[in-house]
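Asker: Here is a sequence with its predicted model. Questions after.
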Amino acid sequence: MIVAARTNPKLRRAGLAGVLAGVLLAAGCTSGGGSGSGGPSSEPTTGSPATAQPLQVQLVTVAKVPPGGPNARRAARQAAPGLERFLDRYLTAAYVDAAGGEGGWDRLIGLFDRPVRASARKQLDALSLGADAAEVSAVRPSRASARAVVLYGTQRPAAATVRLAFDGTADTAKGSGRVHLRSVLQLLATGDGWRIAAFDSRTGTPK
């Protein structure tokens with residue numbers, strides 16, 4: 001049974017690695033991937049920078065539960081808050097707090113599962129502001145939306161596929177330009193919360 005919910009959750013460990021593998025195959029995603037530049041696009045905006053709006057992820061959550069498992073609607077509501085917090089942390093580390101390039105990328109890389117951290121670090125331009133972060137003084141979010149399909153074990157979340165979209169404006173000394181992110185993230189529920197186990201991510205102007 002599949003039910004969508006626009007409310008939220010907290011997750012706990014579900015040791016179902018086999019289930020995650022099924023999610024990865026179903027989604028057609030692999031670790032790594034992506035292309036483009038995380039910096040401002042060649043479409044500058046005009047006028048003085050507006051007051052930055054707070055980052056707010058608009059999340060729709062769908063739960064897939066096994067026969068005899070928890071109520072799907074309740075499961076979707078349970079999973080949503082933790083996912084929303086995780087995505088907020090991701091976009092904050094990748095864009096909002098990355099401006100200026102002084103904080104490094106440890107916070108962002110820490111959101112990835114250990115086996116894919118090296119790959120994520122090599123592909124920062126497809127996951128974040130990347131190499132252009134030092135030239136950006138501020139990022140003003142305009143859109144952050146996501147749709148998550150959460151796969152439950154007997155009682156708890158085990159894995160999730162998240163389609164994430166982010167649009168914003170990056171301010172630099174030479175002016176302002178648009179930044180974009182389109183990602184499919186494969187998440188694994190661990191004892192420490194969600195971790196990104198695989199990804200397909202692109203920055204730059206959406207096609």
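Answerer: Here it is on my side, so go on.

Asker: Nearest the middle, which residue of this protein would you pick?
Answerer: Geometric centre of the chain, nearest residue: Leu87, 4.7 Å, by C-alpha atoms, centre = their mean.

Asker: Can you read off the pLDDT for that residue?
Answerer: Looking at Leu87, its pLDDT reads 98.

Asker: Can you tell me the element it falls in?
Answerer: Leu87 is part of helix 72-91, with elements assigned from DSSP states H and E.

Asker: Now that helix: buried residues?
Answerer: 72-73, 75-91 (16 or more other C-beta atoms under 10 Å). No exception for glycine: its C-beta is placed from N, CA and C like everyone else's.

Asker: And for stretch 184-199?
Answerer: By neighbour count on 16+ other C-beta under 10 Å, the buried set for stretch 184-199 is 184-189, 193-199.

Asker: Now do the strands in this structure.
Answerer: 2-5, 44-45, 58-64, 136-152, 157-172, 175-190, 193-203 (DSSP state E).

Asker: Nearest to Ala126, out of those?
Answerer: Closest approach to Ala126 among those (C-beta to C-beta): strand 193-203, 4.8 Å.

Asker: tilt between the closest one and strand 175-190?
Answerer: 140 degrees (axes from the mean of the first three to the mean of the last three C-alpha atoms, to 10 degrees).

Asker: avg pLDDT for strand 193-203?
Answerer: Averaged over strand 193-203, pLDDT sits at 97.

Asker: Then stretch 175-187?
Answerer: Here stretch 175-187 scores 96 as its mean pLDDT.

Asker: Could you export it as PDB, keeping only the C-alpha atoms?
Answerer: Extracted C-alpha coordinates of stretch 175-187, given in PDB (Å, rounded to 0.1, in the frame of the first residue of the first chain):
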ATOM      1  CA  GLY A 175      26.700  40.600  -9.700                       C
ATOM      2  CA  SER A 176      24.100  38.000  -9.100                       C
ATOM      3  CA  GLY A 177      23.200  34.800 -10.900                       C
ATOM      4  CA  ARG A 178      21.000  31.800 -10.600                       C
ATOM      5  CA  VAL A 179      22.000  28.500  -9.100                       C
ATOM      6  CA  HIS A 180      20.100  25.200  -9.600                       C
ATOM      7  CA  LEU A 181      20.300  21.600  -8.200                       C
ATOM      8  CA  ARG A 182      18.500  18.600  -9.400                       C
ATOM      9  CA  SER A 183      19.300  15.300  -7.600                       C
ATOM     10  CA  VAL A 184      18.000  11.800  -7.000                       C
ATOM     11  CA  LEU A 185      19.300  10.700  -3.600                       C
ATOM     12  CA  GLN A 186      19.200   7.100  -2.400                       C
ATOM     13  CA  LEU A 187      19.100   7.200   1.400                       C
END
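
Asker: Lovely, talk soon.
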